[in-house]
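>>> quick one, structure for this:
(one chain, ligands or ions: 1)
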Amino acid sequence: MPHHQSRRSIIAAFSFMFIVAAGAHAEAVVSVSPRLANVSILATGGTIAGTGATSTTTVGYTAATVGVQNLIKAVPELAKVANVTGEQVFQIASENMSNEHWLVLAKRVNVLLAQANVDGVVITHGTDTLEETAYFLNLVVKSRKPVVLVGAMRPSTALSADGPINLYNAVLLAASVEAAGKGVLVAMNDQIQAARDITKTNTSTLDSFRTPELGMLGYIQGGKPFFYRQSSRRHTQDTEFDVSALASLPQVDIVYGHANVGPAAVDAFVAAGARGIIHAGVGNGSLAAKVKPALTSARQKGVLVVRASRVGQGIVARNGEANDDELDFVVADTLNPQKARILLMLALTKTDSSKDIQRMFYTY
Ligand code: DGL
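Purely as a prediction, here's the structure:
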């Protein structure tokens, strides 16, 4: 029996003994099999935990109402792919996810993954900010063990709800050896995608989560993961970021580019104390003549400015639409504005150097 299997069988035996000894006070463990990996499910809310008035209610439902134990009970097949335990970390609609939620979640994930009796983590999450939480964890989880985020586009009460099969796929992926060392993953719609490049592309359809140009990593089919590629950027235990001692994150805001834009948003964020601004520019991160002076002034006050693009795909070229060397701006490479915000926040916990931060945007 391979080492990790023998380790698991010993751990599983002790776990089982502990659970029996602890009696009714133990977390609801569906079953314990030495053959299976131990996967912790951390629930945060969202549509996967949502309920609607009727079985055909797929909009206008209430997110974040079903508890983690009921999510697990609704998928008895989980017991065939892993020994699962559930924790209700939050119960929120994910538009309300905050930096504070992220720090609590990241610290809990790192504590669990440091335990020998935890082989992987699944996080159930609303889809509105799922890509952001996934990328944040991709930069701060300190383990090679699988971390898989999962949500649903339909509430649990809907006809053909996608939550149960998405949760089943996410747990079997987190229990797999193939998923180790691949960075934080997202399992939706039978696909495996990387935290860095995935984005929500549709307000309501089942195939909303895509990696439009850089490509998803693989599929989950017939209860097995199939990988065809992996991210080339640094992640998880290979990053320089550590949130274990952080109680907060630097304030970074996003201004949106469009025709007829003015400087008001930039000025307001600077006045409110932002340490960084992401400019979600039109095209290749273009700066409107009315906005450029406000961003230049912000930089002169010590605010870090990153040129991103509202377009969603492609590289924002350094010194392309603006002289970044002269303005001392940073470019976001291919990160969308909401993910550029996350990287800049973490970068500012390490340095104020625009040169060092530009390196980070070309690394992560
Ligand atoms: N309120 C949205 C959220 O919690 C619902 C969308 C969803 O979870 O699919 O993200």
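>>> all the strands of the stretch 201-350 of the chain, residue numbers only.
Here the stretch 201-350 of the chain has its strands, by DSSP state E, counting those that start in this stretch, at 209-210, 218-221, 224-227, 252-256, 276-281, 304-309, 330-331.
>>> doesn't residue 152 make contact with residue 162?
Yes - using CB atoms under 8 Å, residue 162 is in contact with residue 152, at 4.9 Å. For the C-beta atoms, the positions are set from N, CA and C on the backbone; glycine is no exception.
>>> just want to know which of those two has more residues nearby.
More crowded of residue 162 and residue 152, by other CB atoms under 10 Å: residue 152, with 27 against 21.
>>> who does residue 149 form a beta bridge with?
residue 123, residue 186 (DSSP bridges).
>>> and the residue of the chain found nearest the ligand, what pLDDT?
Shortest the chain-to-the ligand distance, computed as CB to the nearest ligand atom: residue-wise this is residue 126, at 2.3 Å. Looking at residue 126, its pLDDT stands at 98.
>>> cool, and residue 10?
51.
>>> same question for residue 269.
98.
>>> burial check on it, number of neighbours?
Residues near residue 269, counting by other CB under 10 Å: 22.
>>> check contacts around it.
253, 255, 277, 298 (CB atoms under 8 Å, 6 or more residues apart in numbering).
>>> the last one and residue 268 touch, don't they?
No - distance between residue 298 and residue 268: 11.0 Å, which falls outside the contact criterion (CB under 8 Å).
>>> rewinding a little: ok, the residue of the chain closest to the ligand to residue 241 distance?
24 Å (CB to CB, to the nearest Å).
>>> before we move on, what about residue 268?
28 Å.
>>> the more surrounded of these two?
Set residue 268 next to residue 241 and count neighbours by other CB under 10 Å: residue 241 wins out with 19 against 13.
>>> name the nearest residue to that one, ignoring sequence neighbours.
Spatial nearest neighbour of residue 241, excluding adjacent residues (CB to CB, 6 or more residues apart in numbering): residue 346 at 4.6 Å.
>>> mind listing what the one you found touches?
Counting by CB under 8 Å, 6+ apart, residue 346 has contacts 136, 139, 140, 241, 243, 249.
>>> so can I have TSV of those showing pLDDT and distance to residue 198?
Output for the contacts of residue 346, formatted as TSV (pLDDT from 0 to 100; distance: CB to CB, whole Å):
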residue	pLDDT	distance to residue 198
136	99	13
139	99	14
140	98	17
241	98	20
243	98	21
249	98	22
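>>> most neighbours among the residues you listed, please name it.
Most neighbours among those, by other CB under 10 Å: residue 136, with 29 neighbours.
>>> quick one: that residue is in a helix?
Yes - checked against DSSP: H, G, I helix; E, B strand; the rest coil, residue 136 lies within a helix.
>>> is it true that it touches residue 102?
Yes - using CB under 8 Å, residue 136 is in contact with residue 102, at 5.1 Å.
>>> can you tell me the element residue 44 falls in?
strand 38-45 (DSSP states H and E).
>>> helices and strands around the helix or strand following that strand, which ones?
Downstream of strand 38-45, the next assigned helix or strand under DSSP H and E is helix 68-73. With contacts taken as 3 or more CB pairs under 8 Å, 6 or more residues apart in numbering; DSSP states H and E, helix 68-73 sits against strand 38-45, strand 83-92.
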